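>>> heads up, no residue letters with this:
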């Protein structure tokens, strides 16, 4: 299935002068989603540690202190 999908996209790219502007935009969006799939952001270890420290604090201490 993936190979067929790639062949269709290749054909559309080669013959793009035959496409309307709307069809070209659709091909571009499709290619963008294919090349750069949407993924969830990954938190680094530093951020995870910071979040754990905030959770350990009391309810009143969770607001950031502007004097620090």
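Arrived safely. Since this is a predicted model, take the numbers as computed values, not measurements.

>>> what's the single longest helix in the protein?
helix 21-35 (DSSP state H).

>>> Pull the residues that contact that one.
Residues from elsewhere that reach helix 21-35, judged by Cβ atoms under 8 Å, 6 or more residues apart in numbering: 5, 9, 12-13, 16, 19. For glycine as for every other residue, the C-beta is placed from the backbone atoms N, C-alpha and C.

>>> OK, contacts around the residue sitting nearest the centre point of the chain?
The centre of the chain sits closest to residue 38, judged by Cα atoms, centre = their mean, with a distance of 3.6 Å. Shown in contact with residue 38 (Cβ under 8 Å, 6+ apart): no residues.

>>> helix or strand for it, which one?
In the assignment (DSSP states H and E), residue 38 maps to no helix and no strand.

>>> Show me what the helix or strand encompassing residue 3 is packed against.
Taking DSSP H and E as the criterion, residue 3 maps to helix 2-14. Judged by 3 or more Cβ pairs under 8 Å, 6 or more residues apart in numbering; DSSP states H and E, helix 2-14 is in contact with helix 21-35.
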